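Enquirer: Take a look and give me a structure for this.
(2 chains)
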Amino acid sequence: MAALLRRTFLMSSLLALSVGCSVESKPSTSGTPSLSGNGKSATNETGGASAAADPADKLNGEVVADGSSTVYPITQAVAEEFMKVHKDVKVSVGIAGTGGGFKRFVVGDTDINDASRPISEKEIAECQKNGIEYLELKVAIDGLSVVVHPDNTWCRALTIPQLKSLWSPGSTVKKWKELDPNWPDAEIRLYGAGPDSGTFDYFTEAVVGKAKSSRSDYTPSEDDNVLVQGVNGDKNSLGYFGYAYYADNSDKVKLVAIADGDDVSKAVIPTNETILGGTYKPLSRPLFIYINKKSFEKPQVKEFVKYFISKGQEFVQEVHYIQLPENDLKESQKRLAAALGSK
Amino acid sequence: MSVRIKLQEPDLARRHRIGKAFEWLCCGSTWFGIVVLGVLLMSVAWKAMTWPAPKAMTATAQATPDKAQPSPPPLSKKFFTNYHSRNPREAGLLSALWGSLWLTMLVALFSVPIGVGSAVYLEEYANEGRLKRLIQLNLSNLAGVPSIVYALLGMTAFVKMFGLFHKDEEKTLVVNLLFTTVDIPLPFDRTLISGALTLTLLVLPTVIVASQEALRAVPSSIRTASYALGATRWQTIRHQVLPAALPGIMTGVILALSRAIGEAAPLMLIGALTYVAYTPGEITNVADIFKNPHGLLDAPFDKFTAIPLQIYQWINQPKAEYSHVAAAGIVVLLSILLVMNTAAILIRHRFQKQTRW
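Expert: You can find the predicted model right below:
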């Protein structure tokens, strides 16, 4: 009897499972914030544009960001604070690298892509092919820092031509003496960004003149902490990475001043002031976020980007990047307003 | 006769010396591993209990007051209740902890029926033959395939679903369960269920092989005796073979699960290397399950992160304090693994005593 009862129960629960399976298909433009929207969030999902106008109105749904690991600390900080205000919004921030992030962005997988370099021609073409319109916003400035070991007493400044001769593909410079005859006859050991990072693209473009062209006999790493450790462990080393990693490790490595032309006396050390004032050239670079314009139809993305551009600047400094100069910030705000206005 | 024995004596001493040397060598190899492991564990544990000394020179003017305040060590209660934060002293692993918990549960849910089922079929039903030998060979090969290969498979099969669904349309499969409905996104995208299914593929060969060994260890006399008493094949398996093999199967499953919990590479590809400040199904403690039972059904379709990935993410951060936060994460992960492996031993011990024919 018991077995029979058990069996019927099993059967009926199986039946229940199979009841009413249906595949619903809806265009993603409907502004439905979330696929994984649970029961309670379904109530005010249809609010659409009107909900966005009033920030007190409860926002929910997802914001999906991915991209550069350099920009990640900023986006993460903004997301952290944003979610304290809007508790039902789920923001996720990936670190696939600028290029890896764009691969997802150009097919519409993500709402926002963090980028440590401008979008490339090829990526623009992909966007057009897939019918994706985007908005580019500058969010902060980074100064690529060239660093040496703290005990390195000779190398205080380098010119861009010197760096170029050092980092060009097939470079034969092996010893410090070859950069400057007054420097010691010791081997230079090089550390730099790995080829998948936006930092690598930017550095090679600024120094060698062509993105992605670099000598290959150096220690590459996508993980900047590895580079810090490498330079710190070797008196004859030289490396480069983003300013934030220098700022957090200023006791382990020493900055080198960079001169844009041939004249070493005009070399400039990267600091908040020189990067912001634009005198630290050519290794200052803007950091961007790219937003899929279609995503502005989701109120939570719209609010997130607004928050990014208004409050975001506070966090930029906190994570050791440099805030946008006022003109650039105004420009970003104007572009965002224009994009939102056109909707 | 006695002369010959005397002749061998110096040789005997030499052989004893060789024997002794070999013993020391083996002893040395054992201790090498143990000592290195001990040092590593100590340094991680020490790191997890302290913060780095504040930098002496750079923060001259910026001697912030909060540095003066003593904050709890990285591995404190806060570590289990907070999400990742840009402030290392506030960072915790709440989302990763629940992510790993869900992953383990889902992997167990998928891999136990499939794994044990295949093992039972192969051991109890399938005829010996070329096909079975082929399957057997593939199983043992698959158990050694690098996890990144499974990651690529999982990416295509679960995250993208072979591109069967057009990008511009979000499809949702609504499953009606009489009392409630579940919305299943198609394709699964970068959600918990994709991660769990990928890890299931990864551990399945291990589960099958371990279960097979356990079934094979059941003496065939038991089966014959059962048949002799008129039991059918199903009754024999259900009442004799499976209970006897259970401890072995459980051990295999738990060891496979502890491999799944430590895996990082497949999940990284699936896209779990992400800052996620919410838990699957918004369940952050047991009480939430009663408040929002529907969260249990939504959880598998949420974005997630897991402990090994959270650790990796912390190690990548520029601030030196994060390496201590990462150490705290490592301590938690190791503790979970230790508990799981202990459970495996205990279960085997307990059940072994019970089985008596």
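
Enquirer: hey, where'd the helices end up in chain A?
Expert: Ranges of helices in chain A, per DSSP state H, are A:2-18, A:48-53, A:72-85, A:98-105, A:121-129, A:160-167, A:198-207, A:224-232, A:243-247, A:272-277, A:299-310, A:312-318, A:326-341.

Enquirer: got the ones you listed as JSON lines, with mean pLDDT and mean neighbour count columns?
Expert: No exception for glycine: its C-beta is placed from N, CA and C like everyone else's. Converted to JSON lines, these look like this (pLDDT from 0 to 100; neighbours: other CB atoms under 10 Å in any protein chain shown):
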{"stretch": "helix A:2-18", "mean pLDDT": "52", "mean neighbour count": "10"}
{"stretch": "helix A:48-53", "mean pLDDT": "42", "mean neighbour count": "15"}
{"stretch": "helix A:72-85", "mean pLDDT": "91", "mean neighbour count": "22"}
{"stretch": "helix A:98-105", "mean pLDDT": "88", "mean neighbour count": "24"}
{"stretch": "helix A:121-129", "mean pLDDT": "92", "mean neighbour count": "14"}
{"stretch": "helix A:160-167", "mean pLDDT": "92", "mean neighbour count": "18"}
{"stretch": "helix A:198-207", "mean pLDDT": "88", "mean neighbour count": "23"}
{"stretch": "helix A:224-232", "mean pLDDT": "87", "mean neighbour count": "22"}
{"stretch": "helix A:243-247", "mean pLDDT": "86", "mean neighbour count": "24"}
{"stretch": "helix A:272-277", "mean pLDDT": "84", "mean neighbour count": "17"}
{"stretch": "helix A:299-310", "mean pLDDT": "92", "mean neighbour count": "22"}
{"stretch": "helix A:312-318", "mean pLDDT": "86", "mean neighbour count": "18"}
{"stretch": "helix A:326-341", "mean pLDDT": "87", "mean neighbour count": "14"}
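
Enquirer: Tabulate those (JSON lines), appending distance to B:Pro88.
Expert: JSON lines is the format used below for the helices of chain A (distance: least, CB to CB, whole Å):
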{"stretch": "helix A:2-18", "distance to B:Pro88": "46"}
{"stretch": "helix A:48-53", "distance to B:Pro88": "34"}
{"stretch": "helix A:72-85", "distance to B:Pro88": "12"}
{"stretch": "helix A:98-105", "distance to B:Pro88": "25"}
{"stretch": "helix A:121-129", "distance to B:Pro88": "34"}
{"stretch": "helix A:160-167", "distance to B:Pro88": "33"}
{"stretch": "helix A:198-207", "distance to B:Pro88": "23"}
{"stretch": "helix A:224-232", "distance to B:Pro88": "14"}
{"stretch": "helix A:243-247", "distance to B:Pro88": "14"}
{"stretch": "helix A:272-277", "distance to B:Pro88": "22"}
{"stretch": "helix A:299-310", "distance to B:Pro88": "23"}
{"stretch": "helix A:312-318", "distance to B:Pro88": "12"}
{"stretch": "helix A:326-341", "distance to B:Pro88": "28"}
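
Enquirer: so can I have a markdown table of these showing distance to chain B?
Expert: A markdown table is the format used below for the helices of chain A (distance: least, CB to the nearest CB, whole Å):
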| stretch | distance to chain B |
| --- | --- |
| helix A:2-18 | 4 |
| helix A:48-53 | 16 |
| helix A:72-85 | 4 |
| helix A:98-105 | 8 |
| helix A:121-129 | 12 |
| helix A:160-167 | 23 |
| helix A:198-207 | 13 |
| helix A:224-232 | 7 |
| helix A:243-247 | 5 |
| helix A:272-277 | 12 |
| helix A:299-310 | 13 |
| helix A:312-318 | 7 |
| helix A:326-341 | 21 |
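
Enquirer: The ones you listed: which one's closest to B:Trp234?
Expert: helix A:2-18 (13.6 Å; CB to CB).

Enquirer: thinking again about what came up before, what's the closest of the helices of chain A to B:Leu40?
Expert: Closest among those, using CB to CB: helix A:224-232, at 17.5 Å.

Enquirer: how near is the residue lying closest to A:Tyr280 once chain neighbours are set aside to A:Gln162?
Expert: Leaving aside its sequence neighbours, A:Tyr280 sits nearest to A:Thr274 (CB to CB, 6 or more residues apart in numbering or on different chains; 4.0 Å). As for A:Thr274, its distance to A:Gln162 is 19 Å (criterion: CB to CB, to the nearest Å).

Enquirer: next one: B:Leu267
Expert: Distance from B:Leu267 to A:Gln162, by CB to CB: 44 Å.

Enquirer: and what of A:Thr172?
Expert: Counting by CB to CB, the gap from A:Thr172 to A:Gln162 is 14 Å.

Enquirer: Likewise for A:Val228?
Expert: 23 Å.

Enquirer: Great, nothing more from me.
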